[in-house]
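Colleague: here is a sequence together with a model predicted from it:
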Amino acid sequence: MINLEITGTANHGGPFYFYGGKMSCFVVNPKHIAQMVAWYYKHDGNNIVLNNGPLPEDAAVELAWTNQAAWHGSFFESERAQKEAEAYEFEVIKELDALKAGPNNWNLAYKPDTKLGLAEIWQMTKCYQYQAMDAADWAKTKAKVWTDNLLSHVGNKMAEAAGPKVRWEYK
């Protein structure tokens, strides 16, 4: 089990965790990543997979690994950092598995927290990106592409939810 230390409250309302390092980023709570992945695959999973996107577990691992790379920075290749990253990855997958709709449901059937609305998913994703952007070559990572796609999907859903109040052009 990874030893996370609660140090305060993050933007998304939950506690944030870190190892006590000096970098500006922190290790995102494994439940945070699991909720993001579960929400996205519940709402757009078929489309993601049909378009050769990652399976949920692969997306979760990539998000976990990239957050760890940002956290450890130039020390990420060390044996200690790799062990911590593997333990963190395990925690994220464990949390994602807990959100599966049932033991006999197919791969994309997830039950994210029903209290999470579009704005919360948007904020959680932006929070994750802020924490992960210190990873080497962040702009080229699969985690960046995946979270950008999630933000695009959520943004479209927010516009749809606003209905006719949202203008498509400026006159």
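Modeller: Yep, that arrived. Numbering: from 1, shown residues only.
Colleague: contacts only, for the spatially most central residue of the chain.
Modeller: In the chain, the centroid-proximal residue (Cα atoms, centre = their mean) is residue 33; its distance is 3.6 Å. Residue 33 makes contacts with 60, 63, 64, 67, 92, 95, 96, 128, as judged by Cβ atoms under 8 Å, 6 or more residues apart in numbering. Backbone N, C-alpha and C define where each C-beta goes, glycine included.
Colleague: the last one: what's it in contact with?
Modeller: The reference is to residue 128. 28, 32, 33, 36, 63, 67, 147.
Colleague: who wins on neighbours among the residues you listed?
Modeller: If you count neighbours using other Cβ atoms under 10 Å, the busiest of the contacts of residue 128 is residue 28, which has 29 neighbours.
Colleague: hmm, back to that, among the contacts of residue 128, which are located in helices?
Modeller: 32, 33, 36, 63, 67, 147 (DSSP state H).
Colleague: which of the residues you listed sits closest to residue 118?
Modeller: The shortest gap between residue 118 and any of these belongs to residue 36, at 12.5 Å (Cβ to Cβ).
Colleague: and the pLDDT at that closest one?
Modeller: Looking at residue 36, its pLDDT stands at 96.
Colleague: let me see the ranges of the strands in this protein.
Modeller: Assignment of strands within the chain using DSSP state E yields the ranges 5-9, 15-18.
Colleague: okay, how far is it across stretch 72-83, tip to tip?
Modeller: The straight-line separation of the ends of stretch 72-83 (Cα to Cα, to the nearest Å) is 12 Å.
Colleague: flag every buried residue along it.
Modeller: 72, 76, 81 (16 or more other Cβ atoms under 10 Å).
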